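Peer 1: The following block contains a protein sequence and its predicted model.
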Amino acid sequence: MKFRHELKYYINHHQYQIISRQLKHLLKRDKNADASGEYHIRSLYFDDIDNKALHEKLGGVLEREKYRMRIYNFSDKVIHLEKKIKKNDFISKVKERLTRETADAVLAGNYEVLNVPEKPLLYEAYREMKTRMLRPKVIVDYIREAYVSYAGNVRITFDKNLKTGMNSVDIFNRDLSTIHAYDNNFIVFEVKYDEYLPEYIRTAIQTEGLIRQSNSKYVICRKFLKFNSWEDQ
């Protein structure tokens, strides 16, 4: 399992305009972006009966993990079950593609569809659902603008318009009722890279003086929902 550096910041729109203008001349756009250079991400996060992922983040635990189901642009063409592992400022992610049928079964509470020992991530999630009552907790929506560089395997993202779904696991519902999760003046700015961050990119993004983000999108959105919304599913 390979770990990468991950740095997160809050930036305002003025800072975004400055940094994004620099990056447009230096890096390539994410291949998944539309004509505007953006795409929509929706994730359904899971947590266990003790809200372990939530409390470990709030408690500052240095090594932690969380599970989510993710789609793009409200489409079911690409559905992933993902596990994100965090160690200090390093991250790793494993994922497995799901069919719409499997995703719908999970959302309906039929976790047996993940009982597939030959697919380790699915089987691991299944065991967590059976033994730790891993359940859907909150939907997280945002618009992403992303840039990539092969040098250093760098990925830089601006996540905008963060919203949370209101008491629903209907991840495929384009008309899902959502609310803003924080002041819309802020943008989440993330920098991910492997062994090194090229100096020309470091200079362009001007991270000195920026505010490091301590809360994850999952934690930010959970504050709008009761902890036990779906505990009994």
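Peer 2: Arrived safely, thanks for sending.
Peer 1: So, low pLDDT: which residues of the chain?
Peer 2: When residues are selected by pLDDT under 70, those of the chain lie in 166-167, 183-184, 224-233.
Peer 1: Which stretches in it count as helices?
Peer 2: Secondary structure of the chain (DSSP state H): helices at 13-26, 52-58, 100-107, 120-131, 199-205, 217-222.
Peer 1: Out of those, which one sits most buried?
Peer 2: Among those, judged by mean count of other Cβ atoms under 10 Å, the one packed with the most neighbours on average is helix 217-222 (a mean of 22). C-betas here are computed from N, CA, C, even on glycine.
Peer 1: can I have it written out in CSV, keeping just the CAs?
Peer 2: Coordinates of each C-alpha in helix 217-222 appear next as CSV, following Å, rounded to 0.1, in the frame of the first residue of the first chain:
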residue,chain,number,x,y,z
LYS,A,217,-15.4,17.2,4.9
TYR,A,218,-17.0,14.2,6.6
VAL,A,219,-16.7,15.8,10.1
ILE,A,220,-17.9,19.2,8.8
CYS,A,221,-21.0,17.7,7.3
ARG,A,222,-21.8,15.4,10.3
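Peer 1: Who are the packing partners of it?
Peer 2: strand 38-47, helix 52-58, strand 135-149, strand 154-165 (3 or more Cβ pairs under 8 Å, 6 or more residues apart in numbering; DSSP states H and E).
Peer 1: can you list contacts of that helix?
Peer 2: With Cβ atoms under 8 Å, 6 or more residues apart in numbering as the test, helix 217-222 has contacts from 43, 45, 53-54, 57-58, 66, 68, 137-140, 142, 159, 162, 164, 181-182, 188.
Peer 1: Check stretch 203-216 too.
Peer 2: Residues contacting stretch 203-216 (Cβ under 8 Å, 6+ apart): 7-11, 15, 18-19, 22-23, 26, 57, 156, 188-189, 191.
Peer 1: Looking at these, which two lie furthest apart in space?
Peer 2: L26 and K57 (32.4 Å; Cβ to Cβ).
Peer 1: For H80, give me its contacts.
Peer 2: M69, R70, I71, K95, E96, R97, L98.
Peer 1: in the sheet, who's paired with it?
Peer 2: Residues in a beta bridge with H80, per DSSP bridges, are R70, R97.
Peer 1: and what of the one 5 residues further on?
Peer 2: Beta-bridge partners recorded for I85 (DSSP bridges): E65, S92.
Peer 1: Just to check, it is in contact with K95?
Peer 2: No. If you go by Cβ atoms under 8 Å, I85 and K95 don't touch, sitting 11.7 Å apart.
Peer 1: A103 versus D170, what's the distance?
Peer 2: Counting by Cβ to Cβ, to the nearest Å, the gap from D170 to A103 is 11 Å.
Peer 1: picking up where we left off before, quick check on the contacts of H80: which are buried?
Peer 2: M69, R70, I71, E96, L98 (16 or more other Cβ atoms under 10 Å).
Peer 1: residues touching the nearest residue to the fourth one once chain neighbours are set aside, list them.
Peer 2: With Cβ to Cβ, 6 or more residues apart in numbering as the criterion, E96 has its nearest non-adjacent residue at 4.5 Å, and that residue is L121. Counting by Cβ under 8 Å, 6+ apart, L121 makes contact with L81, K83, V94, K95, E96.
Peer 1: The last one contacts V78, doesn't it?
Peer 2: Same thing as E96. No. Using Cβ under 8 Å, E96 is not in contact with V78, being 12.0 Å away.
Peer 1: quick one: contacts for Q22?
Peer 2: Contacts of Q22 (Cβ under 8 Å, 6+ apart): A204, I205, Q206.
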